[in-house]
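S.K.: have a look at this fold, sequence not included:
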């Protein structure tokens, strides 16, 4: 977005990696990277210092543009609304080469371009194990059975219509892939927030508490302490969910997301919602639930989504997403032009409950200030935080550190590696570091 | 959505108006009307009564469908996600003949198909005065000036980049057109909730508090008690906003909606957000704000959006949306097949603060029960309520009555008409009545 005070070409703001990144992004038709550079660039000094005096005149006001004179577009007779053509750059993006096929892969949400806590369903991150499907809801079924008839009196098969008539709840929750920020384990400093933390999204989900369904089936809660969730897609995704999460009333089978039916990439017409637990347990295209008296130890919990420890041991059943946060503005790839005022903004979340506090440092941890938390602060949901900052033009190291209501504090990379080593893929909730250079360029840096 | 226990053709469930409505809707490619009829129809008895025993077998489980065997669709390389093709029927819809042109018209949100409180931006109701535009944000400006230099020290013109760098807030608020439910004034019982209450939506908006901008301009709050907001579209929409709403910190200029930039139909790139106030004051394509020492009395507040009283007097400056609610399921056009259990679900809101309580009657007001309110309950935001109901198969008159935190109680149609008459168009917040007939058909009825 050109502006009087700015040089027009993105190249002017970036060198080396920056230019290459912009070029790469441009190849994918991306503009927000640049637009946000402009936005950040303009965030210098008080508004009065950059906003033009009205007397300077403004074409939109003095010379009426077409949209101030003509007849615009009609209301929608049919059709589903789309974003502005000027926002076409704000998209989910895969990481070429990260996976061998694009069906068993990931597409990251553009966190650096988003506001608030709700992720637009059209930009929700994707993680598929054998590709996504648009399943006919009139043919889809959910079967509930027991590993042993004594654990569940009455096995049942539900149609979508039958599920949608039952008592429902609507709740805001984040969903994060257990592998989110995984590339950071190996000192691979990926350039932008979209790629470091973009396997994270947040929605208002609507569905039927699992407890309601299990009561209808006559589950013996004393003995049936585990639930197996199975998906209908070709990957036959199966995960074990502890019964106490069901008994707490938090787990539900969702058909609604952000006010409408689930999107096909998110498991339409039915997915499991397990608040606070890594995304892989939120089984998509949910077709079967089985209750049992012991963990199922499926491939996706014993071979995948486990943590390789320094000693070579495997850390398993670590499915709760620990407290974590990330600054989204300014973040990697953005550029600050002037000294002066910036609003630092970011996201914090915890799989254990509510975010209690977020501290932010701009000097690599020598000094921390407590950020403002935007209402509402909800349990197992994203929380947006903001902080005022005056940049003095010198190199700055920006980090955020979240604490949840249990008192757990997000660890530094060093603290996390001291326990977990560097050979892991999953469950990296370390503090993220963004380096603002004197040039104003923001880079992802790894602190060993 | 066909199902074993249901007759396949919608005609079988409806007669007269019902059939005509379905046919009309079908012409517009609409299915949810029918699908929800099925869903409601199945909502009889306990789930166990209709859910099939697992032994009955299930094609999705016994005979693997294609999606359980093949490789699905890849993750998005680019592009913005869309709803399932099976949801194509869930759309905003205009009311043919309601307005003379489709540019100065309305398209209603499908409330009867939505869940929770967030309205998907692609289904947000539309109200345009001269059509919508997709304005280039790099060319858009916001000018702030005073009607008199003594009221504002420093007039400023802001670019979008300059606005987006300033301190921001993200808040969930409903927006309702002052004319919502207007057709009900004249005993015109429109068939569905989409047409009775569909000029209502709710989003998470993000932007800069007006107070921040006014402080930068050096507004004299003692004398500048009114704000004129002006849009950049051809209608030159202008509305007066009292300064106390700005001083409260609630009013802001929004660029973000549901996590992304505003949609063009909603005023991209900038609109005013005036929580609790009717939609026309949320000026879209916002290009100018002027502070003054008296109300501006523009055409859109003196000639339009005023209430014609029984005596012929005009009731003006009634821009706050009073406490209101509506049951969305079951609602007009839906059909219940069996006796038994249903979850009644609906929306409640107030322009004066939080919804405190919602009572629901199924016998036309002889008995009222208090509904469950879904968290979070936020100020000047939609609140979702639910209530369990056992239908005995006899005619039932369903109504909801909301109360807000000020103690204000939503009036009956009779109470409202006793004061306001029937010649009004705007500000109808009366209790809505849905009649469930013995056939199970749900109709909108007017109680005089």
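M.R.: Structure received. Not measured: the values here are computed from a predicted model. Numbering: from 1, shown residues only, chains lettered A, B, ... in the order given.

S.K.: residues touching the closest residue to residue A:425 other than its chain neighbours, list them.
M.R.: Nearest-residue entry for residue A:425: residue A:182, 4.7 Å, with adjacent residues in sequence omitted and distances by CB to CB, 6 or more residues apart in numbering or on different chains. Every C-beta, even on glycine, is put in place using the N, C-alpha and C of the backbone. If you count contacts by CB atoms under 8 Å, 6 or more residues apart in numbering or on different chains, residue A:182 has them with A:424-426, A:428.

S.K.: let me see the contact set for the residue in the stretch 251-400 of chain A that chain B sits nearest to.
M.R.: Nearest to chain B, among the residues of the stretch 251-400 of chain A, is residue A:256, at 3.6 Å (CB to the nearest CB). Residue A:256 is in contact with A:168, A:170, A:204-207, A:262, B:115-116, counting by CB under 8 Å, 6+ apart.

S.K.: from these, which is closest to residue B:287?
M.R.: Distance to residue B:287 across the contacts of residue A:256 (CB to CB) is lowest for residue A:204, with 32.6 Å.

S.K.: in this structure that closest one contacts residue A:119, no?
M.R.: No. Judged on CB atoms under 8 Å, residue A:204 makes no contact with residue A:119 at a distance of 10.3 Å.

S.K.: ok, stretch A:77-85 near chain B or not?
M.R.: Yes. Residues of stretch A:77-85 contacting chain B under CB under 8 Å from any CB of the partner chain: A:77-85.

S.K.: redo those as JSON lines? Include pLDDT, neighbour count and secondary structure.
M.R.: Formatted as JSON lines, those follow (pLDDT from 0 to 100; neighbours: other CB atoms under 10 Å in any protein chain shown; DSSP: H, G, I helix; E, B strand; the rest coil):
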{"residue": "A:77", "pLDDT": "77", "neighbour count": "14", "secondary structure": "coil"}
{"residue": "A:78", "pLDDT": "74", "neighbour count": "14", "secondary structure": "coil"}
{"residue": "A:79", "pLDDT": "75", "neighbour count": "12", "secondary structure": "coil"}
{"residue": "A:80", "pLDDT": "92", "neighbour count": "18", "secondary structure": "coil"}
{"residue": "A:81", "pLDDT": "94", "neighbour count": "18", "secondary structure": "coil"}
{"residue": "A:82", "pLDDT": "94", "neighbour count": "17", "secondary structure": "coil"}
{"residue": "A:83", "pLDDT": "96", "neighbour count": "22", "secondary structure": "coil"}
{"residue": "A:84", "pLDDT": "97", "neighbour count": "20", "secondary structure": "coil"}
{"residue": "A:85", "pLDDT": "96", "neighbour count": "9", "secondary structure": "helix"}
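
S.K.: can you pull the contacts of residue A:259?
M.R.: Contacts of residue A:259 (CB under 8 Å, 6+ apart): A:204, B:114-120, B:123.

S.K.: I meant to write residue A:444 there.
M.R.: A:189-192, A:196, A:332, A:432-435.

S.K.: from chain B, how far out is the residue nearest to residue A:425?
M.R.: Distance of residue A:182 to chain B, computed by CB to the nearest CB, to the nearest Å: 16 Å.

S.K.: likewise for residue A:138?
M.R.: Distance, residue A:138 to chain B, by CB to the nearest CB: 4 Å.

S.K.: per-residue pLDDT, that residue?
M.R.: Note for residue A:138: predicted pLDDT of 95.

S.K.: what segments of chain A are helices?
M.R.: Taking DSSP state H, the helices of chain A run over residues A:17-27, A:32-42, A:47-50, A:59-62, A:160-164, A:193-197, A:210-217, A:243-247, A:299-302, A:413-420.

S.K.: mean pLDDT lowest where, among those helices?
M.R.: helix A:32-42 (a mean of 36).

S.K.: how many neighbours does the residue lying closest to residue A:181 once chain neighbours are set aside have?
M.R.: Distances taken as CB to CB, 6+ apart put residue A:428 closest to residue A:181, at 4.3 Å, once the chain neighbours are dropped. Burial measure for residue A:428: 25 neighbouring residues, criterion other CB atoms under 10 Å in any protein chain shown.

S.K.: surely residue A:428 touches residue A:188?
M.R.: No. Taking contacts as CB under 8 Å, residue A:428 lies outside contact range of residue A:188: 11.4 Å.

S.K.: now, among the residues of stretch A:77-85 next to chain B, which is nearest to residue B:89?
M.R.: Using CB to CB, residue A:78 comes nearest to residue B:89 of the residues of stretch A:77-85 next to chain B, at 9.8 Å.

S.K.: pretty sure that closest one is touching residue B:91, no?
M.R.: Yes. Residue A:78 lies in contact with residue B:91 (CB under 8 Å); the separation is 5.5 Å.

S.K.: can you name the residue of the stretch 151-300 of chain A nearest to chain B?
M.R.: Counting by CB to the nearest CB, the stretch 151-300 of chain A gets nearest chain B through residue A:165, at 3.1 Å.

S.K.: what's the spacing between that residue and residue B:330?
M.R.: As judged by CB to CB, to the nearest Å, residue A:165 and residue B:330 stand 10 Å apart.

S.K.: who's more crowded, those two?
M.R.: Neighbours were counted for residue A:165 and for residue B:330 using other CB under 10 Å; residue B:330 has more, 30 against 26.

S.K.: got a list of what the more buried one touches?
M.R.: B:40, B:336, B:342, B:344, B:398, B:434, B:436, B:442.

S.K.: could you provide those residues in TSV, with additional columns for distance to residue A:68 and neighbour count?
M.R.: Shown next, in TSV, are these (distance: CB to CB, whole Å; neighbours: other CB atoms under 10 Å in any protein chain shown):
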residue	distance to residue A:68	neighbour count
B:40	47	26
B:336	51	25
B:342	50	25
B:344	47	22
B:398	46	25
B:434	43	27
B:436	50	24
B:442	45	28
